[in-house]
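Novice: structure for this input, please:
(one chain, ligands or ions: 2)
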Amino acid sequence: MAHKNVFVRIWEAAAGLLEGFYTTFIHLFRKPITEEYPEYKRPLPVRSRARIILTRDPDGDERCVACYLCSASCPVSCISMQSAIREDGRRFASWFRINFARCIYCGLCEEACPTLAIQLTPHFETCEYDLLTLVAEKEDLLVNHGGKNQDYNYYRVAGVIGKDGKGAHLKEAPPVNLKSNMP
Ligand code: SF4
Ligand code: SF4
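Specialist: Residues are numbered from 1 along each chain as shown. Ligands and ions are numbered 1, 2, ... in the order given. This is a model prediction of the structure:
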């Protein structure tokens, strides 16, 4: 590789320095922007990642099916739960716990959730002096709405085992008769 001429390198270094000085100089004439928190709370985008909630589907049922995917994907292992099954075949979490003292608000649990149950919200003011108060139980997490996806209902797509027959759900193909595939 050919070496650059020494004058070109000096010019590039000087140009980098001058660009930095120019940016600083221009800011001397700009009006300062000071937001007095907590008197003024800047509205955050809806996709901001802060306090976690457990949402409900449009019928008011809990979306969480206690599949443990959020727990498995959490890099700091701060989600735990116990799965259970209702009489109509729906799975749910009999208890669900998030330790916000460990949560790093990475959003991986929300990405992993197949039912859109677990969601991060823009609510970031969750600091406490006592770490134990940062352990949230299911009743602290469960809300009465669908969060960012109000209309999604996992069970209308996936069906409920034991309630309707296989192939009877919306967009679900009838089961394949394996014997009919035999030569
Ligand atoms: S946001 Fe990240 S760290 Fe927090 S509970 Fe979800 S996966 Fe775990
Ligand atoms: S919140 Fe979502 S990913 Fe976590 S257990 Fe419930 S359904 Fe599964």
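
Novice: list the buried residues in the longest helix along the chain.
Specialist: In the chain, assigned by DSSP state H, the helix with the most residues is helix 6-27. By 16 or more other Cβ atoms under 10 Å, helix 6-27 has no buried positions at all. Backbone N, C-alpha and C define where each C-beta goes, glycine included.

Novice: who in this structure is up against ligand 1?
Specialist: Proximity of the chain to ligand 1 (Cβ under 6 Å from any ligand atom) is limited to residues 73-76, 78-79, 98, 103-109.

Novice: and the spatially most central residue of the chain, how far is that from A84?
Specialist: The centre of the chain sits closest to E110, judged by Cα atoms, centre = their mean, with a distance of 3.1 Å. Noted for E110: a distance of 23 Å to A84, by Cβ to Cβ, to the nearest Å.

Novice: about what we covered before: mind giving me the packing neighbours of the host helix or strand of the residue nearest to the centre of the chain?
Specialist: Assigned by DSSP states H and E, E110 belongs to helix 108-112. When contacts are defined as 3 or more Cβ pairs under 8 Å, 6 or more residues apart in numbering; DSSP states H and E, helix 108-112 sits against helix 69-73, strand 118-120.

Novice: what distance separates the shortest one from the centre of its chain?
Specialist: Looking back up the chat, that one is strand 118-120. 5 Å (Cα atoms, centre = their mean, to the nearest Å).

Novice: got a list of contacts for it?
Specialist: 48-55, 64, 70, 105, 107, 109-110, 113, 147-148 (Cβ atoms under 8 Å, 6 or more residues apart in numbering).

Novice: picking up where we left off before, which of the helices and strands packed on helix 108-112 has the highest mean neighbour count?
Specialist: strand 118-120 (a mean of 22; mean count of other Cβ atoms under 10 Å).

Novice: can you tell me if whichever helix or strand comes after that one touches ligand 2.
Specialist: The helix or strand immediately downstream of strand 118-120 is strand 135-136, counting by DSSP H and E. No - for strand 135-136, no contact with ligand 2 is found by Cβ under 6 Å from any ligand atom; the gap never falls below 13.1 Å.

Novice: other SSEs contacting strand 135-136?
Specialist: For strand 135-136, the contact count by 3+ Cβ pairs under 8 Å, 6+ apart identifies strand 91-99 as packing neighbours.
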